[in-house]
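**Q** Show me the folded form of this:
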Amino acid sequence: MCEICEKVKTIDFFPTPKAYLDCLKYIQSLVASGSFQFELKNCDTDKVKDENGFWIDDVISHVIKCKNCGQCFTCSIVTYRGNGSFRKGK
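**A** As a prediction, the model looks like this:
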């Protein structure tokens with residue numbers, strides 16, 4: 001981990017769907033800063049719900065990678081059970 005990654009705020013548990021959506025906005029800002037890039041994702045961060053407001057899948061995940069040191073961070077959620085996190089690692 002580098003000085004850039006040390007500043008990343010991880011979340012052990014999303015207490016609400018809004019907390020998850022807020023985390024996706026945070027991830028978008030990290031990527032937009034130029035310090036991170038998407039390593040893996042099963043959808044765009046702004047397309048996690050369909051046009052009717054339903055989650056696009058039962059499991060949604062996004063992995064970002066630090067361009068400086070290669071450290072990965074994973075944001076994943078199981079929509080039908082309502083649990084998820086944003087943690088260091090793949």
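**Q** show me where this structure has strands.
**A** For the chain, the strands defined by DSSP state E cover 36-41, 59-66, 72-78, 83-88.
**Q** Make TSV out of the ones you listed and add mean pLDDT, distance to Leu21 and mean neighbour count.
**A** Any C-beta I mention is one placed from the backbone N, CA and C, and that applies to glycine too. Listed next are these as TSV, based on pLDDT from 0 to 100; distance: least, Cβ to Cβ, whole Å; neighbours: other Cβ atoms under 10 Å:
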stretch	mean pLDDT	distance to Leu21	mean neighbour count
strand 36-41	96	15	15
strand 59-66	96	11	19
strand 72-78	96	10	19
strand 83-88	95	11	17
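**Q** Bridged to the residue positioned nearest the centre of the chain, which residues?
**A** In the chain, the C-alpha closest to the average C-alpha coordinate belongs to Cys75, at a distance of 3.4 Å (Cα atoms, centre = their mean). Beta-bridge partners recorded for Cys75 (DSSP bridges): His62, Phe86.
**Q** Verify the stated contact: it with Cys43.
**A** No: assessed by Cβ atoms under 8 Å, Cys75 is found out of contact with Cys43, at 11.8 Å.
**Q** Quick check: which of the strands of the chain is nearest to Asp22?
**A** Asp22 lies closest to strand 83-88 among those, at 10.2 Å (Cβ to Cβ).
**Q** Give the residue farthest from the middle of this structure.
**A** Asn52 (22.0 Å).
**Q** For that one, give its distance to Arg87.
**A** Asn52 is 30 Å from Arg87, where distance means Cβ to Cβ, to the nearest Å.
**Q** Ile4 now?
**A** 17 Å.
**Q** all helices for the chain, in order.
**A** Taking DSSP state H to define them, one finds helices in the chain at 17-32.
**Q** Of all the strands of the chain, which one is nearest Tyr26?
**A** Checking the strands of the chain against Tyr26 by Cβ to Cβ gives strand 83-88 as the closest, at 7.8 Å.
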